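> Give me a 3D structure for the following:
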Amino acid sequence: MASFRPARLVKVHCTFPKNAADSVLAALQQAGIAHVTEPDDAGLEPAAASERPRLDGLIVKASHLLSLAGEGRHSRLLDRMFGARTLEVKMSGHAIGQVLASAEQELGRLEQQLASGKAARQSVRHRLLQVREELGNIDARLTALEQCRSTDYFYRMAFWVEQSKLAKAENIILSAAGKRATIEAEDAQDDAPTLLGHGRWLKPFELLTSLYGLPKYNDIDPTLITAISFPLLFGLMFPDAGYGLILTMVSLFAYLHTTKNDGTQRSLNVVLLYCGLASIASGLAFGEFFGGLVQIHALAFEPANNIMLLMYMSVTIGIVHMSIGLLSKLIDSVAKKRFPARQIGWLVIIWPLLLYGFSGSGFYLYATVPGLLLLLASQRSEFIEDFMSIISNVFSYLRIGIIAVTHIFIARLLADFLLGIPLTPVGIALGVLVFTLAALGNFVLSVFIVFIQSLRLHWLEFFSKLQLDRGQPFR
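Model prediction:
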């Protein structure tokens, strides 16, 4: 379920026999539900991972063999376009020593194949990637072991887990340890890691939140709002149903190509797909389809003929967007028993300014005075900077209308060029070629610029109103 808070966690402390460590850690790793941390047992010795030097040596060897195996030109091109392919490897539940022995033997065999040249480099590289992934899984297991505390016969481990998955974690530990384990759980505090934990439809937008910086455990999670506002602002700045359709199809193709690749690339493809759909909707609203190459009726209005209306709409959307951030922080501050003077001050300033812009009545300028006094009282040393920031943020949203109109005019120029080419075989061929190259360049450049500008409006104008502290990721 979508939430304005990171997922709720509990901290689990468990004790189990040393001879069950491999089974417990492997089972938790396969489940993928625990973030291991150091227990609060200062009197116990840290656990030592005797297999660490051997593992590190095998990882170095696997990386060296991968560099020798190289990759084809075709693979490098696809990697640059859609992200490097990775392999999904089932996590081994075997003992660490057994896995390392098997990996050592396999690396030796692959090294001989590379030296003799008898096997295809692509098949060797494929197997090397699998071995390296297996070693990476063991590395994660050893890292978890090294965070445990040790007695002569037992390990003491602590980890974070979602509240909804606590019973599952307890069953996993008891089963792996043969019922020889003690388990205690406590509510998470402010030092807990941050797990955004959204469903499949919102999860891609966690990328935009995490790139800015994860919120702390008890802070606001802006992902839900971002999932609505980011495609909306993108679509308004790139309002063309034709170009939006191309972006949607390209993003869908890239997503299908990289479904089993790393999460960052996959999430970016999904975000762009939503942005493409938003561009289609905006294009239909504004009557734009490849710059008028295909004539459609505007469901709302034509921006090129109503530029001032578009600018007013841009500022209004900006003030609504900022207000959502300010109200979110205001509610959060009240819940934490803090007086939200800064947020109230901003709200009492920006809304009268908007109404003044629509009506021109001087009354609304006087209505900003209480907000200015609140800002002055709460941030006396930063009052001027904060006031200028308000004005700057409001006008920053004008870029929505400016970029939209710019794209519309460029798209219309390209469409007029194509419709005006000489109707001769050479003229048609040359005109279509020039139009295709120019339209492709316009498409790529527009998507890049609009994405960056939408990101900027969220990170600088929206996220800044939430005053997020940085949290540590749940791993």
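
> Return the helix or strand in the chain with minimum mean pLDDT.
helix 73-82 (a mean of 46; mean pLDDT, DSSP states H and E).

> Tell me which other helices or strands the helix or strand following that helix touches.
Next helix or strand after helix 73-82 toward the C-terminus (DSSP states H and E): helix 96-116. Packed against helix 96-116, as judged by 3 or more Cβ pairs under 8 Å, 6 or more residues apart in numbering; DSSP states H and E, are the following elements: helix 52-69, helix 121-146. Heads up, the C-betas are built off the backbone N, CA and C, glycines and all.

> Identify each buried residue in helix 96-116, please.
Of the residues in helix 96-116, 96, 99, 100, 103, 106, 107, 110, 111, 113, 114 count as buried by neighbour count, 16 or more other Cβ atoms under 10 Å.

> ok, the third one - contacts?
Contact criterion Cβ atoms under 8 Å, 6 or more residues apart in numbering gives 51, 54, 55, 58, 138 as the residues in contact with residue 100.

> Only alpha carbons, please: show whichever strand or helix holds residue 274 as CSV.
Element membership of residue 274 [criterion: DSSP H and E] is helix 263-286. Listed next in CSV are the C-alpha coordinates belonging to helix 263-286 (Å, rounded to 0.1, in the frame of the first residue of the first chain):
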residue,chain,number,x,y,z
GLY,A,263,16.9,-2.2,-11.1
THR,A,264,18.1,1.4,-11.9
GLN,A,265,17.9,0.9,-15.7
ARG,A,266,14.5,-0.9,-15.4
SER,A,267,13.1,1.8,-13.2
LEU,A,268,14.2,4.6,-15.5
ASN,A,269,12.5,2.8,-18.5
VAL,A,270,9.2,2.6,-16.6
VAL,A,271,9.4,6.3,-15.5
LEU,A,272,10.0,7.3,-19.1
LEU,A,273,7.1,5.1,-20.2
TYR,A,274,4.7,7.0,-17.8
CYS,A,275,6.2,10.2,-19.1
GLY,A,276,5.4,9.2,-22.6
LEU,A,277,1.8,8.5,-21.7
ALA,A,278,1.6,11.9,-20.0
SER,A,279,2.9,13.5,-23.2
ILE,A,280,0.2,11.8,-25.2
ALA,A,281,-2.5,13.1,-22.8
SER,A,282,-1.1,16.7,-22.9
GLY,A,283,-0.8,16.5,-26.7
LEU,A,284,-4.4,15.5,-27.0
ALA,A,285,-5.4,18.3,-24.6
PHE,A,286,-3.4,20.9,-26.6
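
> What's the mean pLDDT across it?
Helix 263-286 carries an average pLDDT of 94.

> Helix or strand next in line after it, which one?
Later in the chain than helix 263-286, the nearest helix or strand by DSSP H and E is helix 307-335.

> quick one on the thing from earlier: okay if I get the helices and strands packed on helix 96-116 as TSV plus mean pLDDT, mean neighbour count and distance to residue 297?
Shown next, in TSV, are those (pLDDT from 0 to 100; neighbours: other Cβ atoms under 10 Å; distance: least, Cβ to Cβ, whole Å):
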stretch	mean pLDDT	mean neighbour count	distance to residue 297
helix 52-69	87	16	57
helix 121-146	86	18	53
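
> Save the ones you listed as CSV, and put in distance to residue 240 too.
Formatted as CSV, the helices and strands packed on helix 96-116 follow (distance: least, Cβ to Cβ, whole Å):
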stretch, distance to residue 240
helix 52-69, 43
helix 121-146, 41
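
> All the helices of the stretch 101-250 of the chain, in order from the start?
Taking DSSP state H, counting those that start in this stretch, the helices of the stretch 101-250 of the chain run over residues 121-146, 166-176, 206-212, 223-237, 241-257.

> JSON lines for these, including distance to residue 10?
Converted to JSON lines, these look like this (distance: least, Cβ to Cβ, whole Å):
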{"stretch": "helix 121-146", "distance to residue 10": "18"}
{"stretch": "helix 166-176", "distance to residue 10": "6"}
{"stretch": "helix 206-212", "distance to residue 10": "21"}
{"stretch": "helix 223-237", "distance to residue 10": "22"}
{"stretch": "helix 241-257", "distance to residue 10": "35"}
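
> Nearest approach to residue 28 belongs to which of the ones you listed?
Of all the helices of the stretch 101-250 of the chain, it is helix 166-176 that lies closest to residue 28, at 6.1 Å by Cβ to Cβ.

> What's the mean pLDDT across the closest one?
Averaged over helix 166-176, pLDDT sits at 93.

> begin at 26 from here
Got it, the first residue is 26 from now on, which makes the last one we talked about helix 191-201.

> ok, residues contacting it?
The contact list for helix 191-201 (Cβ under 8 Å, 6+ apart) reads 35, 37, 39, 41, 45, 48-49, 51-53, 56, 58-59, 184, 186, 206, 208, 210.

> Just the buried ones from those?
Buried among these (16+ other Cβ under 10 Å): 35, 37, 39, 41, 45, 48-49, 51-53, 58-59, 184, 186, 206.

> of those residues, closest to residue 223?
residue 58 (15.9 Å).

> contacting residues for the closest one?
Residue 58 makes contact with 186, 187, 190, 193, 194, according to Cβ under 8 Å, 6+ apart.

> thinking again about what came up before, off-centre distance for the helix holding residue 299?
Here helix 288-311 shows a centroid-to-chain-centroid distance of 14 Å under the convention Cα atoms, centre = their mean, to the nearest Å.

> for stretch 403-422, same thing?
For stretch 403-422 - counting by Cα atoms, centre = their mean - the centre lies 28 Å from the chain centre.

> Repeat that for stretch 323-338.
Relative to its chain's centre, stretch 323-338 lies at 32 Å (Cα atoms, centre = their mean).

> rewinding a little: can you tell me which of the contacts of helix 191-201 end up in helices?
Using DSSP state H, the members of the contacts of helix 191-201 that fall in helices are 48, 49, 51, 52, 53, 56.

> and which of the residues you listed is nearest residue 169?
Using Cβ to Cβ, residue 53 is the member of the ones in helices among the contacts of helix 191-201 that lies nearest residue 169, at 7.6 Å.

> And residue 205, how close does it get to residue 182?
14 Å (Cβ to Cβ, to the nearest Å).

> Same check on residue 399?
From residue 399 to residue 182 the distance is 49 Å (Cβ to Cβ).

> quick one: which of the two has more around it?
Neighbour totals were compared for residue 399 and residue 182, and residue 182 leads with 27 against 21 (other Cβ atoms under 10 Å).

> Give me the pLDDT for the more buried one.
Per-residue pLDDT puts residue 182 at 91.

> How about it, nearest residue that isn't a chain neighbour?
residue 173 (4.6 Å; Cβ to Cβ, 6 or more residues apart in numbering).

> Same question for residue 135.
Nearest non-adjacent residue to residue 135, counting by Cβ to Cβ, 6+ apart: residue 149, 5.5 Å away.

> Any figure for the gap between the most centrally placed residue in the chain and residue 288?
The centroid of the chain falls nearest to residue 232 when counting by Cα atoms, centre = their mean (0.1 Å). According to Cβ to Cβ, residue 232 stands 8 Å off from residue 288.

> anything in contact with each of residue 205 and residue 182?
Listed as contacting both residue 205 and residue 182 by Cβ under 8 Å, 6+ apart are residue 41.

> Does residue 369 touch residue 396 like I think?
Yes - under the criterion of Cβ atoms under 8 Å, residue 369 makes contact with residue 396 at 7.4 Å.
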